[in-house]
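Asks: Kindly generate the corresponding structure for this input.
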Amino acid sequence: MSVRKFWVLNKNIDRINAETDHRLLMVMISAASGEGAQKLSDKLQRRMGQVAIFDEAKQALTQAEAERDRAGLFELKGMGRL
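Replies: Below is the predicted model of the structure:
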């Protein structure tokens, strides 16, 4: 690794730490008021997005489709033996 690259990466460590510290400061400030905490929570939820949606009805449909696909697969395999 070149010396120049090392120092660029070293500067980025400081930037990342500053971002983390700033975020923690915002959390502490928001915690002082209920409304501020709720606004920050909503903002962070929007940033995170929705990771997974669990819908039992949709899951059951997907499992039923998988069963039908297996039956069709066995049928196709049987056709190749003709």
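
Asks: Helices along the protein, start to end?
Replies: Secondary structure of the chain (DSSP state H): helices at 3-31, 34-48, 56-79.

Asks: I'd like the ones you listed written out as TSV, with mean neighbour count added.
Replies: C-beta coordinates here come from the backbone N, C-alpha and C atoms, glycine included. Shown next, in TSV, are these (neighbours: other CB atoms under 10 Å):
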stretch	mean neighbour count
helix 3-31	10
helix 34-48	11
helix 56-79	9
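
Asks: Next, format these as CSV and append mean pLDDT.
Replies: Shown next, in CSV, are the helices of the chain (pLDDT from 0 to 100):
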stretch, mean pLDDT
helix 3-31, 86
helix 34-48, 78
helix 56-79, 72
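
Asks: quick check: domain ranges of this protein?
Replies: As given by automatic domain parsing, the domain ranges for the chain are 1-51, 52-82.

Asks: List phi and psi for G80.
Replies: G80 adopts backbone torsions of phi -70, psi -20, taken as degrees, to the nearest 10.

Asks: and it, how many neighbours does it have?
Replies: When neighbours are defined as other CB atoms under 10 Å, G80 has 6 of them.

Asks: separation between it and L73?
Replies: 11 Å (CB to CB, to the nearest Å).

Asks: now swap in A32 and tell me
Replies: 60 Å.

Asks: same check, this time on L40
Replies: Computed as CB to CB, the L40 to L73 distance reads 50 Å.
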